[in-house]
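Engineer: Sequence and predicted model, in that order:
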Amino acid sequence: MAENRALNEQELQELVQASDSGARSPRGMVGLMVAIIALSWSVFQVLLASPIGPYVLPGDLINNARQIHLAYAIFLSAMAYPLFKGSPKDYVPWYDWILAIGGALIAMYGYFFYQKIVDNGGLADTTDAYVSLVGLIFLFIAAYRTLGPVMVALAIFFLAYVFFGSSDFFPEQIRWAGASLRKAMSHMWITSEGVFGIALGVSTKFVFLFVLFGALLEKAGAGNYFIQMAFGALGHLRGGPAKAAVVGSAATGLISGSSIANVVTTGTFTIPLMKRVGFSAEKAGSVEVASSVNGQIMPPVMGAAAFLMVEYVGISYLEVIKHAFIPAIISYIALFYIVHLEAVKSRMPTIGDRVVSVWRTAFGMFAFFAGFAALCYAAQYPVRLVTSLVPEGAAWVLALMVILAYVALVWVAAKAPDLEPDDPTSEIVKLPEIGEIYKAGLYFLLPIVVLVYFLMIERKSPGLSAFWASFLLFGILLTQKPLKAFFRGQTNPMGFFREGLFDLLGGMIDGARNMIGIGLATATAGIIVGTVSLTGIGQVMADFVEFLSGGNLILMLVFVAILSLILGMGLPTTANYIVVSSLMVGVVVHLGAQSGLVVPLIAVHLFVFYFGIMADVTPPVGLASFAAAAVSGGDAIKTGFTAFFYSLRTVALPFVFIFNTDLLLIDVTWYQAIFVFIIATIGILVFTAGTMNWFITRSRIWETVALLLVAFTLFRPGFFMDMVEPPYTDIPPANIVQRLDKAPVGRELRLVFSGPDYDTEKPKDLTVLVKVPEGADGQARLDALGLSVTDQDGKMVADEPMFGSELQQKLQGFDFYGDMPVTLSNVKVPNDQLPKELMFIPAFLLLGLIAFLQYRRKEDDDAAFAQGEPA
């Protein structure tokens, strides 16, 4: 068996390039041309997002921006990614020129023949159909070379179902009516239902700007600054390099859309240091994998899934960020604790001779992040003051204030030496001094403040917010080196302007190359989305999961999680989310409602998203695990399994927020949100201690079980409170009018409907959550809900709800005109329960008992270790 070997720096960069930006770098004029085309893509996207876009770009280009976006991606994929393993990497072969130009032209077909398509009402004629089919072939080739075979195989499978799903080859349970070539190609290529659908639109409008922002920030040196700051703050602790990896990956995850790039960027520094203090190669790689993949669930970008959720769920971007925030934060806190427990269990040494208490370190980190959040929030007050004083010229005054703040921060940075990456393999590793290095990159926080301010305070669109943050970065890249040279008194400071110009151009080219895979992934995933909307295969998936689970709610969620994991294997984050959400969200909503579980749509989307990204960790395809193994020299499969074990908290959290939506800050006040965060943090730490078999000292079996029970109680106290006092009282459906008459406005009721499914005609139950509307009496309130029921032989038979009403949307899966009637079979009224938080009292008492017993036992374990005996 070949010995595992850690790759060198050049090999690692080639690994990242092959995955994220392409392994081919053509030389000479071709290389210059590719760079210019990549640069022009960035310029086009920046103009498209800018306030002056409608004035400087022709309307045709704006209306067909998705086609242009895909054309760039297909062309650059042929230039940057070799088609075969043996294809040349230093020049572009003849067949790739054909694939590049042909693919780009066909992607622009909707632009060239826009008027013809509009005149035809979006229906493809014979020529359109065959051109679209060729376009799909070009797209598949580009996706294969860029993303690998998994994405293409999935898309082809679903496309085959479109064409052959009506044949006897498919079982009757999943057979559908079928589609002609013209109908299928209209759906997949000509209209905005397939390839050029919502996903590619989000990639065009939002994702590109955020990827570009990350590339520019990395080019400016922010990535190295974040890593050095994390290592300086945490390197002195036990297991410090691993803790620095967690925090550094959280920071770089904000600017990186790739878990693989995140692994290699931070891992080349942290993994050798983790191995030095006692982590095995597999554990060191696993810590980096777990923290890097977690960067994809961290707002504000979430691997571009945040912007897609806005479109799919129909809520604002700010709402998506609010709902995703606490699970992401406590997941990182838990990973930090995992690292701490690993270090304590193995009694790992520290690096350096610095002595700083853990509490002081924790307080310092909290103060930094709290200060940054306060700065972002407080920025609105000077803005309001300036706007009120000079309403006409406020924009210019504010721009001048930002420039002055930037110049002042660069002046501070010029007093400190520029940060150079340390060599983690050297004999002596000097811990960076926070007091010395923090000045060197404070101005990197300025564009992040601008981004957060526009997103959270001004509530501008994500695209416009990223534009202004990127625009500021343009200025930083151009001027940071000349300004530093000027403040340091160096001769010819303007000579550094040229370096800054090349940095800016390089960052824009890198941003475009990093977008190739995302653009193609969203386009190819559009085929799967189009298949779901065209064929109704979502119902088939629901029936399949219902069959596997036997109608059991927990088993249903487990099977959905497993299917999301399988569907996500080998896919980049963005495509991953599109695929799993288009196939699995409807399954959870449909089967959950049948089982009486009414879950907000955002919770379901986050559920499948979490399990989709776990595919980056999980063998046998876990791409991030393979990248970490390449850095550490460890076994890739073992690294993947260890990383999956470290990620158990990421596996558990989706089940938690499905049943306890407080964790997503749904319908909670700000003070309740603080309480939820504190309890959730304690809960995840206790869960981590249970799964790691170590709390204060090594846990006994009953203590592990008790810790997991405590964690479950903290996360879902309602489970036990429902045993003490039922949450709902069932009332006869015939009494619904009287109940509505007495119920206060806004009170939630659960209505259970029974009847035939519209597609299968099989009987089903569906639980619907409604709020009591305003009305003069019970009948008026029932009418306001759009519901009409009549008593027929003791059954409350429901007519089809009023068109446009909320119930009409929720009950559209029933066949109201079949032989079997749709009935209101049950009405559930909430009880006035005791506060579920009372269950925290016995949970904390049990936790205190475990802590007391382990604390007493710890002294004996420490004494045994001191004598060389196993603890």
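Structural biologist: Ah, there it is.
Engineer: Confirm for me that Leu477 is in contact with Met508.
Structural biologist: No - applying C-beta atoms under 8 Å as the test, Leu477 and Met508 come out as separate, 9.4 Å apart. (Glycine included, C-beta is placed from N, CA and C.)
Engineer: Identify the contacts common to the two.
Structural biologist: Leu216 (C-beta atoms under 8 Å, 6 or more residues apart in numbering).
Engineer: Do a quick rundown of the helices in the stretch 351-500 of the chain.
Structural biologist: Counting by DSSP state H, counting those that start in this stretch, the stretch 351-500 of the chain has helices at residues 358-378, 380-389, 394-414, 434-437, 445-452, 462-487, 495-535.
Engineer: From Arg856, how far out is Ser825?
Structural biologist: Distance from Ser825 to Arg856, counting by C-beta to C-beta, to the nearest Å: 56 Å.
Engineer: same thing with Met721?
Structural biologist: Counting by C-beta to C-beta, the gap from Met721 to Arg856 is 33 Å.
Engineer: Show the backbone phi and psi for Leu749.
Structural biologist: Per-residue torsions, Leu749: phi -120, psi 150 (degrees, to the nearest 10).
Engineer: count of neighbours near the closest residue in space to Met692 that isn't next to it in sequence?
Structural biologist: Distances taken as C-beta to C-beta, 6 or more residues apart in numbering put Leu341 closest to Met692, at 4.7 Å, once the chain neighbours are dropped. By the measure other C-beta atoms under 10 Å, the count of residues near Leu341 is 18.
Engineer: Would you verify that Leu341 is located in a helix?
Structural biologist: Yes - using DSSP: H, G, I helix; E, B strand; the rest coil, the assignment for Leu341 is a helix.
Engineer: dump the residue contacts of it.
Structural biologist: Counting by C-beta under 8 Å, 6+ apart, Leu341 touches 688-689, 692, 694.
Engineer: Same question for Tyr406.
Structural biologist: Taking C-beta under 8 Å, 6+ apart, one finds 443, 446, 472, 475-476 in contact with Tyr406.
Engineer: Save those as JSON lines, and put in neighbour count, distance to Tyr144 and pLDDT too.
Structural biologist: Output for the contacts of Tyr406, formatted as JSON lines (neighbours: other C-beta atoms under 10 Å; distance: C-beta to C-beta, whole Å; pLDDT from 0 to 100):
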{"residue": "Tyr443", "neighbour count": "24", "distance to Tyr144": "42", "pLDDT": "92"}
{"residue": "Leu446", "neighbour count": "18", "distance to Tyr144": "41", "pLDDT": "92"}
{"residue": "Leu472", "neighbour count": "23", "distance to Tyr144": "38", "pLDDT": "95"}
{"residue": "Gly475", "neighbour count": "15", "distance to Tyr144": "40", "pLDDT": "94"}
{"residue": "Ile476", "neighbour count": "26", "distance to Tyr144": "38", "pLDDT": "95"}
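Engineer: Tell me the one of these nearest Phe844?
Structural biologist: Leu446 (42.9 Å; C-beta to C-beta).
Engineer: Report the contact partners of the residue positioned nearest the centre of the chain.
Structural biologist: With distances taken as C-alpha atoms, centre = their mean, Met302 lies nearest the centre of the chain, 3.1 Å away. Met302 is in contact with 296, 324, 328, 609, counting by C-beta under 8 Å, 6+ apart.
Engineer: my read: the first one touches Thr574, true?
Structural biologist: In this case it means Gln296. No - using C-beta under 8 Å, Gln296 is not in contact with Thr574, being 9.6 Å away.
Engineer: hmm, back to that, now render the contacts of Met302 as CSV, adding pLDDT.
Structural biologist: As requested, the contacts of Met302 are arranged in CSV below (pLDDT from 0 to 100):
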residue, pLDDT
Gln296, 78
Ala324, 90
Ala328, 89
Phe609, 88
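Engineer: where do the helices sit along the stretch 51-200 of the chain?
Structural biologist: Under DSSP H, counting those that start in this stretch, the stretch 51-200 of the chain gives helices at 53-56, 59-63, 65-80, 94-107, 109-112, 114-119, 126-147, 149-164, 181-185, 198-202.
Engineer: So Met721 and Arg856 - more neighbours on which side?
Structural biologist: Neighbours of Met721 and Arg856, each counted by other C-beta under 10 Å, are more numerous for Met721; the result is 19 against 11.
Engineer: which SS class is the more buried one?
Structural biologist: Put simply, Met721 is helix when judged by three-state DSSP.
Engineer: nearest residue to it other than its sequence neighbours?
Structural biologist: In space, Met721 is closest to Lys836, 4.3 Å off (C-beta to C-beta, 6+ apart).
Engineer: And Ser825, by the same measure?
Structural biologist: Per C-beta to C-beta, 6+ apart, closest to Ser825 is Ser754, 4.2 Å.
Engineer: and the one you found, what element?
Structural biologist: Assigned by DSSP states H and E, Ser754 belongs to strand 748-756.
Engineer: Output the contacting helices and strands for that strand.
Structural biologist: Judged by 3 or more C-beta pairs under 8 Å, 6 or more residues apart in numbering; DSSP states H and E, strand 748-756 is in contact with helix 736-742, strand 763-771, strand 823-830.
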